[in-house]
Each structure stands twice: as C-alpha cells, then as structure tokens.
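Colleague: Just to be clear, the model below is a prediction. Sequence and coordinates:
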Amino acid sequence: MRWRARAAAGVLAVLAIGAGGVVPAEAAPAAVPATDREVRFDADGTTTYGTVHVPAHRPGARLAAALLLPGSGPTDRNGNEPPALTPDTLRLIAEELGEDGVMTLRFDKYGTGQTGLGRFADDPGRIDMDAFTRQAVAAYDTLRAQPETDARALLVVGHSEGGLHALLLADRVAQRPAGLALLAPQDIRLLDMVDYQLARQLDQDVALGVITEEQARTSKAAITRAIADFRAERPVDLTGIVPQLALFLGQLFGPIARFTRTDDAIYPPDVARRVQRGTRVTVTCGTADVNVPCATTPPLLGALTLAGTSGPGLRVLPGLDHFFHPAGTSINDQVLAESAQRALHEFARPWRR
C-alpha cells in the first residue's frame, strides 16, 4: 500500500510537470499602506475638519476605529494649543493605536484649527458644554461611516476634559462604543478641579518666593468664595486674588461663563454610572499629574464598577505628568512615555490586528 501511494504520488508529479511545470501558490494581495486623509463633517451647521489615520491593512479588512477627544481649552486635533503648547498628544496616540491596527479620527473642535468658531463666531460666549458633546457625536458618526470601519468595534479615547466628553458621548449615541479609554480624565466638577489646581499653583509660587504665604492664604480663601458665589449666581468678587489668577478666573466667570456653568454642573461619576454594562474601559492617572491627580480618581472608578464595565480598569502611570511625559520633561517634547504606550496597547488588545 505504501509503495502504491508513493507510485501514485510520482505519477501525479509527472503529470503536473507535463502539464506545464509546478504551479506556484497564488500570491497574497498586497497590504493597503497606512494613510492619513482629511475629512470634514457638519456639526450643528459648522463644518468641522479632522484627520482619519488608517493603519496598513489587508484589502477589504474592517478595522476597529477610535475617536480621539482633546482636552480643555483651545486644543486642536493633534492635542496642541499653538504656538505655546505643542506636545502633539493626540497625534502620538493615533500612531500608537495604529500599531495595533486601530484606525482613528481626531478633529479640530470649536475655536481651534481649521474649524474655528463656526456658528459661534458672532458670540463665542454662546458655546456651552453640550455644543462640544454634540460635535463629538457628529465626529463619532463620521468615523462609523468610514469605509474601513468595523461598526462593531467603535472606541472612544478622551484626554482630560475629553474623557468627560467620552462618557457623555457614550450615554448619547444609539450604537454604544465597545471601549472607552479615559486618559487623565476630568473626574470631578470643573470648578472643584480649578480650585485644586490654583491652590497648588499658589503653593508652588510660595516655594519659589514669587508670593508670600499670606498672599497665598488670602488668594485661596478668595478663590473658594468666588467659586461658591458663581455657583449660587451671586456677584463674584475677585478682590484679594493674585493678579494672574484673578485674570484667569475673570475669563471663566465672564466671557465663557456659559461654558463654565454647564461644565461645572456635571459630576463625572454620575455620567460614568450610565456606561453600558460590559464596555471595556481603561482609566489612567499619572503620579506627577498636577492637573488631574490620582487622588480624585476613586469616585469615577467606583461608578464604572457599579455600571458593570470590564477591561483593564485603572492604570497608574508612575512619574508621568498630564501629557504622559516623565516628570521634569519639557511640555513640548513630542513623546509618550513607555508606560502610557503600554496602557494604550493593553486597552486595544481585543481589536489588535
């Protein structure tokens, strides 16, 4: 039987050669190379501009797709506030996720980049928190409609205030995201965070000899009082606050008061409790982050646990600042520390290609 099998194999080989030689295996189709493409979409009548990053992939493949949401202030699609602040945080996150085969969309929110103020140009004071969330929802829908997107693997990655917008978006869209990465997210009310940040800045100024301890104490008390008055819709008195911080609070309580009030009305853990059960969630905090300290994170984590979320959960990033740099690094160094990279790759693991 073995001889006959070998003989039959030999005959088949001869026949194959006689029919034109050994037939080579069909070559696999070439991979589609990585690309960035510009997109535009409508958000409440404002044309919003963004970048879709599509990693290299097999022809016809559908990819997990992550919407990247920026932090507070005039932060553009790349995570920058040019010319002074250019860490490129969101662009770097897009690159890291691209290594896992996850495509991304990042965009210029209101007041930044090509988008500008759009429909709010005549009165920027009309912008409120919900306007930014609606713009994020429009971006999410745009990402879902991209030809490479796997609609079953939609993700949202939010940095700082963008983390709160990620939670708000997840509560609003019909097709809930499969995963949320909340990177140094806003996890307490806005003005509570401002109170903390300004108190810390005053302490640093005392340590540097810029102001006296008495000036710091007076300023802290006046800031806390001003926040209470603003929340109660009473007249706000900034007397007693060091000039630089008084100017900052004057902006929060004046030209952008509508945004401040609507943001401050939201307690992030309340929103987190509404995240869909089973959603994969990563939360990061850097131990050198002076904007969003690890100490404020537990209520948010507790709310996510009550919601029944899954996934990596909290990832503490030792020695990292708010932009995922090692403490002491220049704020404009365009790099993500290795521990931040690992947290992103761990989050993306189920969708890796």
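Modeller: Thanks, I have it. Source: prediction; values computed, not measured. Residues are numbered from 1 along each chain as shown.

Colleague: Let me see the domain layout of the protein.
Modeller: As assigned by automatic domain parsing, the chain contains the domains 35-188+267-351, 191-262.

Colleague: Kindly state which of those is positioned closest to residue 29.
Modeller: Ranking the domains of the chain by proximity to residue 29 (C-beta to C-beta) places domain 35-188+267-351 first, at 5.1 Å. Heads up, the C-betas are built off the backbone N, CA and C, glycines and all.

Colleague: how long is the closest one end to end?
Modeller: Domain 35-188+267-351 has an end-to-end distance of 19 Å (C-alpha to C-alpha, to the nearest Å).

Colleague: Need the mean per-residue confidence for that domain.
Modeller: In this model, domain 35-188+267-351 has an average pLDDT of 98.

Colleague: heads up, I number from 24, so please use that
Modeller: Sure thing, new numbering starts at 24, so read that last one as domain 58-211+290-374.

Colleague: and that domain, how far from the chain's centre?
Modeller: 2 Å (C-alpha atoms, centre = their mean, to the nearest Å).

Colleague: list the contacts for residue 69?
Modeller: Applying C-beta atoms under 8 Å, 6 or more residues apart in numbering, one finds that residue 69 lies in contact with 133, 138, 141, 142, 143, 158.

Colleague: Now, of the residues you listed, which are buried?
Modeller: Buried subset of the contacts of residue 69 (neighbour count, 16 or more other C-beta atoms under 10 Å): 133, 138, 141, 143, 158.

Colleague: Which of the residues you listed fall in helices?
Modeller: Among these, the ones falling in helices (DSSP state H) are residue 158.

Colleague: would you list the buried ones among the contacts of residue 69 in a markdown table and tack on distance to residue 376?
Modeller: Shown next, in a markdown table, are the buried ones among the contacts of residue 69 (distance: C-beta to C-beta, whole Å):
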| residue | distance to residue 376 |
| --- | --- |
| 133 | 34 |
| 138 | 31 |
| 141 | 36 |
| 143 | 39 |
| 158 | 29 |
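
Colleague: With respect to residue 219, which of the buried ones among the contacts of residue 69 is nearest?
Modeller: Nearest member of these to residue 219, counting by C-beta to C-beta, is residue 133, at 25.9 Å.

Colleague: so what's that closest one up against?
Modeller: 69, 139, 140, 141, 143, 150, 154, 155, 158.

Colleague: wouldn't the last one be in contact with residue 134 here?
Modeller: No - Residue 158 sits out of contact with residue 134 when judged by C-beta atoms under 8 Å, with a separation of 10.8 Å.

Colleague: Across the sheet, point out what pairs with the residue nearest to the spatial centre of the chain.
Modeller: With distances taken as C-alpha atoms, centre = their mean, residue 181 lies nearest the centre of the chain, 2.1 Å away. Per DSSP bridges, the residues bridged to residue 181 are residue 92, residue 205.

Colleague: who's in contact with it?
Modeller: 91, 92, 187, 188, 189, 190, 203, 204, 205, 206, 208.

Colleague: Filter these down to the buried ones.
Modeller: 91, 92, 187, 188, 189, 190, 203, 204, 205, 206, 208.

Colleague: Go through these and say which is closest to residue 105.
Modeller: residue 91 (17.5 Å).

Colleague: so who does that closest one touch?
Modeller: Residue 91 is in contact with 100, 113, 116, 117, 127, 128, 129, 180, 181, 182, 185, counting by C-beta under 8 Å, 6+ apart.

Colleague: do residue 96 as well
Modeller: For residue 96, the contact set (C-beta under 8 Å, 6+ apart) comprises residue 104.

Colleague: If anything else comes up later, I'll come back, but that's it for now.
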